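# Using only what follows, build the 3D model:
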Amino acid sequence: LSVNKVPEGAMPLANCYCGYQFGYFAGQLGDGRAVSLGDIEAPDGQLWDLQLKGAGLTPFSRFADGKAVLRSSIREFLCSEAVWRLGIPTTRALSLSVSPETIPRDPLYDNNPILEKCAVVCRVAPTFLRFGSFEICKNTNTHGSQAPSLGLDEKMIPPLLDYLIEYHYPSIKKLRDANKPKLECYLELYKEVVRRTASLVALWQCFGFCHGVLNTDNMSILGLTIDYGPYGWMEHFNPGHICNFSDKGGRYAYDKQPEICKWNLNKLAEALGTIISYRDAHQFVEENYDKFYNQAYISKMQEKLGLYTNQEEDSELVKELFATMEFCGSDFTKTFRILSQIEPPSSVDNIQLTEKDLEILQKLVSFSADATTQASWFKPSIPEHALQKLKLLREMEPAAYRLLGIKDGMLEIEEARARRSHELSSMKEDERTVQAREKWTSWLNLYKKRLTSEAGLTSSEAIAERVRKMNNVNPRIILRNFIAQGAIGKAEKGDYSDLNRLLEALLNPFDDNPAYNDFDVLPPKWAARLCVSCSS
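As a prediction, this is how the structure comes out:
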């Protein structure tokens with residue numbers, strides 16, 4: 001596990017794959033610092049691929065050294081286990097080994113490299129095949145990037161698909177064994193990848209997880225969360241939150257994740273297009289992805305809100321909840337956790353907020369971001385003086401304006417952001433508190449009215465069971481960046497006490513254990529300055 005010995009029977013290898021990175025085909029990529037030892041079979045018959053990340057040079061290391069630093073290794077180790085414990089499909093982390101060796105890294109890409117300790121994570125998954133594994137035969141693009149197995153689609157792709165069906169997609173294997181034509185089985189496999197991917201990203205959105213770099217080479221063919229780099233967990237709710245310092249355009253922002261995964265699935269359809277019908281695959285995505293996503297999303301949201309009957313108004317209730325959270329900049333995790341304490345009304349005629357509800361209301365208000373912090377979120381990406389000049393150019397010289405490639409409506413969106421930023425910057429905190437209180441009061445009244453549709457919530461036993469269920473789906477502890485950084489800072493000095501304690505807390509995220517109280521806190525203002533990038 002620490003890369004000092006090749007285990008008996010192992011056949012170390014590094015996977016070759018390609019990928020679309022930030023929307024552009026990058027050609028050959030591959031495992032530049034990860035080595036797979038091979039599969040092991042668990043007692044239940046499940047195959048697990050053991051992969052050492054940070055194991056050193058591979059044929060795909062390019063100009064890098066194949067090493068991983070302790071900082072990024074701790075982040076992957078902790079987050080993969082935290083995500084698994086929340087019930088989100090993911091690769092797992094088996095071990096973390098620390099080396100005395102140090103290597104230079106420039107985590108902020110600012111030409112100020114620092115020496116960091118090396119480490120190796122042994123991560124496990126049924127397979128580490130990804131969308132990019134099927135792009136190795138892709139044709140050259142306009143930028144000249146070329147896949148390494150160009151033109152070998154019929155030789156390279158079917159064996160990969162057959163392997164997946166044989167070992168990882170038992171439902172498709174049954175179809176194959178029942179003599180369903182092979183090409184139809186391949187299409188059914190693709191459809192299942194679409195369903196799994198839609199369900200996966202729905203869970204990310206429900207728990208406030210931001211992956212950070214959803215390139216096609218970072219998308220698991222099994223629908224797992226994979227490649228924990230510049231990820232982040234939503235704290236003060238901002239749908240446009242960008243967790244990756246390298247993502248200047250916000251391509252992989254929180255609210256863009258569902259659409260980006262759909263885009264990636266269409267790219268996978270293109271990669272398989274010489275084997276299966278691209279038209280059929282693309283049509284399936286367009287007709288079903290949003291449906292799969294919405295079903296998984298609203299189902300999990302109903303669980304998080306303690307709603308166990310399906311009502312038409314639930315989607316609107318969830319939409320209004322997030323609108324309230326956005327307006328207030330509410331802490332994502334704390335908001336959902338505390339909603340279990342709202343008292344269900346005895347009847348539709350008795351939905352007014354109780355004394356206990358008012359206490360919860362006050363706490364919800366206290367979870368809000370301050371006006372200055374929220375104002376910074378709405379700072380327009382185009383300077384205000386430039387906005388006015390661009391509007392004038394659009395009016396006076398429309399042909400010249402079109403050459404700039406600015407999307408329709410972009411200037412109006414930027415102007416609205418600037419107005420909101422000014423409004424928040426000039427707002428007094430007591431005024432802000434009043435507005436937040438009004439917003440939450442309005443939503444809580446909707447919520448309590450909806451709870452009247454839940455039968456049997458009148459006895460103390462039924463109410464206690466509802467609280468238990470909600471607290472088992474709404475975590476108390478998440479891996480906040482500033483908390484992770486504290487554990488990393490100590491570990492880099494040889495003190496692993498906080499790391500071990502944090503791992504224990506993340507493996508028990510729903511517990512009200514007072515031993516974890518220091519991990520159940522709102523982020524301090526300085527935490528907003530923490531940056532994670534593709535080198536993280």
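# For this structure, spot the helix or strand the model is least confident about on average.
The weakest-scoring helix or strand in the chain, judged by mean pLDDT, DSSP states H and E, is helix 371-377 (a mean of 85).
# Next secondary structure after that helix?
For helix 371-377, the following helix or strand on the C-terminal side (DSSP states H and E) is helix 384-396.
# Contacts only, for residue 202.
258, 293, 294, 296, 297, 300 (CB atoms under 8 Å, 6 or more residues apart in numbering). In short, each C-beta sits where N, CA and C put it, glycine included.
# Wait, the first one touches residue 203, no?
No - taking CB atoms under 8 Å as the definition, residue 258 is not a contact partner of residue 203, at 11.2 Å.
# thinking again about what came up before, name the member of the contacts of residue 202 with the most neighbours.
residue 293 (23 neighbours; other CB atoms under 10 Å).
# Which helix or strand contains the closest residue to that residue other than its chain neighbours?
In space, and not counting its chain neighbours, residue 293 is closest to residue 198: 4.2 Å by CB to CB, 6 or more residues apart in numbering. Using DSSP H and E, residue 198 sits within helix 182-207.
# ok so, going back, with only the CA atoms kept, save the least confident helix or strand of the chain in CSV.
Taking Å, rounded to 0.1, in the frame of the first residue of the first chain, the C-alpha atoms of helix 371-377 are listed here in CSV:
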residue,chain,number,x,y,z
ALA,A,371,-24.7,41.1,3.5
THR,A,372,-21.1,42.0,2.7
THR,A,373,-20.2,38.3,2.1
GLN,A,374,-23.2,37.8,-0.1
ALA,A,375,-22.6,41.0,-2.0
SER,A,376,-19.2,39.6,-3.2
TRP,A,377,-21.1,36.6,-4.8
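# by contact count, what packs against it?
helix 410-425 (3 or more CB pairs under 8 Å, 6 or more residues apart in numbering; DSSP states H and E).
# got the angle for the helix it packs on vs helix 384-396?
Helix 410-425 and helix 384-396 are oriented at 150 degrees to each other (axes from the mean of the first three to the mean of the last three CA atoms, to 10 degrees).
# ok so, going back, touching, the residue nearest to residue 293 and residue 264? I think so.
No - the pair residue 198 / residue 264 is not scored as a contact, 11.4 Å apart, by CB under 8 Å.
# Show the low-confidence segments of the stretch 401-536 of the chain, by residue range.
Along the stretch 401-536 of the chain, segments meeting pLDDT under 70 span 534-536.
# longest strand in the protein, by residue count?
With secondary structure taken from DSSP state E, the chain has its longest strand at strand 92-105.
# got the angle between the helix or strand just after that strand and strand 92-105?
Sequence-wise, the next helix or strand downstream of strand 92-105 (DSSP H and E) is strand 114-125. Here the directions of strand 114-125 and strand 92-105 differ by 160 degrees (the same axes, to 10 degrees).
# what are the ranges of the helices in the stretch 201-350 of the chain?
If DSSP state H, counting those that start in this stretch is used as the criterion, the helices of the stretch 201-350 of the chain fall at 257-271, 278-304, 314-328, 332-338.
# Pipe those into a markdown table and attach mean pLDDT and distance to residue 359 per row.
Output for the helices of the stretch 201-350 of the chain, formatted as a markdown table (pLDDT from 0 to 100; distance: least, CB to CB, whole Å):
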| stretch | mean pLDDT | distance to residue 359 |
| --- | --- | --- |
| helix 257-271 | 97 | 34 |
| helix 278-304 | 98 | 21 |
| helix 314-328 | 97 | 17 |
| helix 332-338 | 98 | 10 |
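# I'd like the ones you listed laid out as CSV, including distance to residue 126.
Below are these laid out as CSV (distance: least, CB to CB, whole Å):
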stretch, distance to residue 126
helix 257-271, 18
helix 278-304, 21
helix 314-328, 32
helix 332-338, 29
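# of all those helices, which lies closest to residue 162?
helix 257-271 (16.2 Å; CB to CB).
# Check the offset of the closest one from the chain's centre.
15 Å (CA atoms, centre = their mean, to the nearest Å).
# Keeping just the C-alphas, turn that helix into PDB.
Coordinates of each C-alpha in helix 257-271 appear next as PDB, following Å, rounded to 0.1, in the frame of the first residue of the first chain:
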ATOM      1  CA  GLN A 257     -23.500  20.100 -12.600                       C
ATOM      2  CA  PRO A 258     -26.700  18.400 -13.900                       C
ATOM      3  CA  GLU A 259     -26.400  20.000 -17.300                       C
ATOM      4  CA  ILE A 260     -22.700  19.300 -17.600                       C
ATOM      5  CA  CYS A 261     -23.200  15.600 -16.800                       C
ATOM      6  CA  LYS A 262     -25.800  15.500 -19.500                       C
ATOM      7  CA  TRP A 263     -23.300  17.100 -21.900                       C
ATOM      8  CA  ASN A 264     -20.700  14.500 -20.900                       C
ATOM      9  CA  LEU A 265     -23.200  11.700 -21.600                       C
ATOM     10  CA  ASN A 266     -23.700  13.000 -25.100                       C
ATOM     11  CA  LYS A 267     -20.000  13.000 -25.600                       C
ATOM     12  CA  LEU A 268     -19.900   9.400 -24.500                       C
ATOM     13  CA  ALA A 269     -22.600   8.700 -27.100                       C
ATOM     14  CA  GLU A 270     -20.300  10.200 -29.700                       C
ATOM     15  CA  ALA A 271     -17.400   8.000 -28.500                       C
END
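# Give me the contacts around that helix.
Against helix 257-271 from outside (CB under 8 Å, 6+ apart): 20, 131, 134-135, 137-138, 157, 190, 193-194, 197-198, 200-202, 204-205, 210-211, 214, 216, 219, 251-252, 276, 278, 281-282, 285, 289-290, 293.
# Buried ones among those?
20, 131, 134-135, 137-138, 157, 190, 193-194, 197-198, 200-202, 204-205, 210-211, 214, 216, 219, 251-252, 276, 281, 285, 289, 293 (16 or more other CB atoms under 10 Å).
# The helix holding residue 198 vs helix 278-304, what angle?
On the basis of the same axes, to 10 degrees, helix 182-207 is oriented at 30 degrees to helix 278-304.
# residues touching residue 344, list them.
448, 451, 452, 454, 457, 458, 463, 466.
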